[in-house]
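Trainee: Just the structure for this:
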Amino acid sequence: HAKPGDAKLKNAAEQAAKVLTDARAKRTEADQQLVAAKQAVLLPRSAEYTKRPLKTYPAASTGRRLALARWIADRKNPLTARVAVNHIWLRHFGAALVPSVFDFGQNGRPATHPALLDWLAAELMAPSLGQPANAWSMKHLHRLIVTSSAYRMASTPDPANLVADPENHYLWRMNSRRVEAEVVRDCVLHVAAQLDLNMGGPELDHQKGLVIQRRSIYFRHAAEKQMEFLKLFDAAGVTECYERRASIVPQQALALANSALTLAQARILARSLAGSAGSDANAFIVSGFEHVLARRPTAAETDECRAFLERQTRLYADEAARGATATRDVADASRPSADAALRARETLVHALMNHNDFVTVR
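Mentor: I've put the predicted structure just below:
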């Protein structure tokens, strides 16, 4: 007699057998396809191929993107102009009118000068001079800002104003700030007349930033591909475009002091200035300050630099007498000069490139 569970076991066995049969059939089919694919690879390639179907675009635009652009730039939508003005002001003054540049609106911080922000936004959209060509003209706004009294203020602090307004909210002076990383590198090349000012072209290898003399904006800049020299001076972030965070770390001073780029450009500039100044140490010092720091030295700085040149010249002359300095070609900027006096001047120019005023806008 059959037991009640026998039927269930029989059905389960039949289903398992069917699954196994199907799996074997699929495996046989896959093996056949694999053999066919291997044989197809061994066959000679044909010149014929199936063309990809061409995409068909509509003959007329829907106008949705144009409508969005017009809505964003509409004069009835002042948010766009305010955000643009805030960014432009930040680049010129080092501090934005709305401090929360990354969060412009109700959730961000209020403007320090709301009336000024609104006036500049209105001037950007519709210039008061009645020139329609200047509507939405960034150049017009840049010219308006840099010719203003606020922008042309000296950075020298006034003791009384410093007590009343230490944060300079009322713009009674220009804020001192360090130049951007790209400007630091470009200035090192520019003062020695070695900066390549050619415009355009493909991006450059970020690892060749110390040997190629093109402007810094042409070098590759990505999350994993950044020039180390620029990173040290707070290069632009690759994940945001609001504002840069400036830092002061010892590596920045070490980069200017030990970089092969700075050393080479200091020697090139020193040898050029020495040719013009001749044996006059004072003339060389004045010329060095004007070229590197864009100002004349004070009397105390001149005396200190003259004493430095005399001390370094004696030191290098003693090294040469002991045979510690090999004879080198004066045109080779990768090595210091064999002439003790010229080498001292190279060292002075290198020291000026490490001066705080060289990387500071006042």
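Trainee: what kind of secondary structure is residue 229 in?
Mentor: Secondary structure, DSSP: H, G, I helix; E, B strand; the rest coil: residue 229 is helix.
Trainee: now that we're looking at it, how far away is residue 357 from it?
Mentor: 20 Å (CB to CB, to the nearest Å). (C-beta placed from N, C-alpha, C; glycine too.)
Trainee: Repeat that for residue 94.
Mentor: Taking CB to CB, one finds residue 94 at 16 Å from residue 357.
Trainee: Render the CA-only coordinates of stretch 161-181 in CSV, please.
Mentor: Output of stretch 161-181 as CSV, limited to C-alpha atoms (Å, rounded to 0.1, in the frame of the first residue of the first chain):
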residue,chain,number,x,y,z
ASN,A,161,39.8,103.3,13.0
LEU,A,162,41.3,100.0,14.0
VAL,A,163,39.8,100.3,17.4
ALA,A,164,36.4,101.3,16.1
ASP,A,165,36.2,98.8,13.3
PRO,A,166,38.9,96.1,13.5
GLU,A,167,37.1,93.9,10.9
ASN,A,168,37.0,96.8,8.4
HIS,A,169,33.3,96.4,7.8
TYR,A,170,33.1,100.1,6.8
LEU,A,171,35.9,99.7,4.1
TRP,A,172,38.0,102.5,5.6
ARG,A,173,41.1,100.7,4.2
MET,A,174,42.0,97.9,1.7
ASN,A,175,42.4,94.5,3.3
SER,A,176,45.9,93.0,2.9
ARG,A,177,45.7,89.5,1.5
ARG,A,178,48.0,86.8,-0.1
VAL,A,179,47.8,86.4,-3.8
GLU,A,180,46.4,83.2,-5.3
ALA,A,181,48.6,80.1,-5.7
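Trainee: coming back round to it: higher neighbour count, residue 229 and residue 357?
Mentor: Remark: of residue 229 and residue 357, residue 229 carries more neighbours, 24 against 14, as counted by other CB atoms under 10 Å.
Trainee: Now do the same contact list for residue 139.
Mentor: By CB atoms under 8 Å, 6 or more residues apart in numbering, no residues touch residue 139.
Trainee: For the stretch 51-200 of the chain, just list every one of the helices.
Mentor: Using DSSP state H, counting those that start in this stretch, the helices of the stretch 51-200 of the chain run over residues 64-72, 79-93, 114-125, 138-146, 159-164, 181-191.
Trainee: Now the longest one: buried residues?
Mentor: Read that as helix 79-93. 80-82, 84-90, 93 (16 or more other CB atoms under 10 Å).
Trainee: Mind putting those into TSV with pLDDT?
Mentor: As requested, the buried residues of helix 79-93 are exported to TSV (pLDDT from 0 to 100):
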residue	pLDDT
80	93
81	94
82	95
84	94
85	95
86	95
87	94
88	95
89	95
90	93
93	92
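Trainee: Please identify which pair of these lies farthest apart.
Mentor: 80 and 93 (20.8 Å; CB to CB).
Trainee: re earlier: highest mean neighbour count across the helices of the stretch 51-200 of the chain, which stretch is it?
Mentor: Of all the helices of the stretch 51-200 of the chain, helix 181-191 carries the top mean neighbour count, a mean of 21, counting by mean count of other CB atoms under 10 Å.
Trainee: Quick check, pLDDT for the closest residue to residue 352 other than its chain neighbours.
Mentor: Leaving aside its sequence neighbours, residue 352 sits nearest to residue 292 (CB to CB, 6 or more residues apart in numbering; 4.2 Å). At residue 292, the pLDDT value in this model is 96.
Trainee: Just to check, residue 292 is in contact with residue 353?
Mentor: Yes - if you go by CB atoms under 8 Å, residue 292 and residue 353 touch, sitting 6.0 Å apart.
Trainee: list residues touching both of the two?
Mentor: Common neighbours of residue 292 and residue 353 (CB under 8 Å, 6+ apart) are residue 191.
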